[in-house]
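Asker: no letters, just coordinates:
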C-alpha cells in the first residue's frame, strides 16, 4: 500500500469505522476512482495492524452501503456507481450539519439563530 491508513487507538471509534471513513475519504477526493482495486483484506489488516475480522467488517459495511463491490476470488473494488464521490461528500456534509444542530440544541441555541450564524459564515466566505 502506497499511502497507509492512519488508525488511532485513542480515537474512541471502533477501528472498522475508522477504516470505513478513510476508504470513503479516498473515494470522495478522487484518489480511488470507480473500479479501483482496494487492498486485500489481509494486506490492509497487516498494514494497519488490526485483525482480518476488523477489515472484513469494514469492507462488508462498505459493500452494504454500495460503496464497494467484492468479486469472489478477484477482490474488492470501488463501485462504479454514478457520482459516488459526490454522494459521499454530501453524506459527510450532512453528518457535519447534524453535529452542528446537536451542539446548538445542547447549548439552547434557537434554530433561527443557528441559521443566521450559518448564513453569516457563508457571507463571510464569499468575500
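Answerer: Okay, I see it. No experiment lies behind these values; they were computed from the predicted model shown. Numbers count the residues shown, from 1 in each chain.
Asker: mind listing the helices for this structure?
Answerer: Per DSSP state H, the chain carries helices over the ranges 15-28, 41-48, 52-64, 84-106, 111-126.
Asker: which elements pack onto the longest one?
Answerer: Taking 3 or more CB pairs under 8 Å, 6 or more residues apart in numbering; DSSP states H and E as contact, the helices and strands that helix 84-106 lies on are helix 15-28, helix 111-126. Where you see a C-beta, it was placed from the backbone N, CA and C, and this is true even at glycine.
Asker: same list (those) but as JSON lines, adding distance to residue 50 and mean pLDDT.
Answerer: Shown next, in JSON lines, are the helices and strands packed on helix 84-106 (distance: least, CB to CB, whole Å; pLDDT from 0 to 100):
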{"stretch": "helix 15-28", "distance to residue 50": "5", "mean pLDDT": "94"}
{"stretch": "helix 111-126", "distance to residue 50": "38", "mean pLDDT": "88"}
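Asker: in this protein, which helix or strand is least confident?
Answerer: Using mean pLDDT, DSSP states H and E, the weakest-scoring helix or strand in the chain turns out to be helix 111-126, at a mean of 88.
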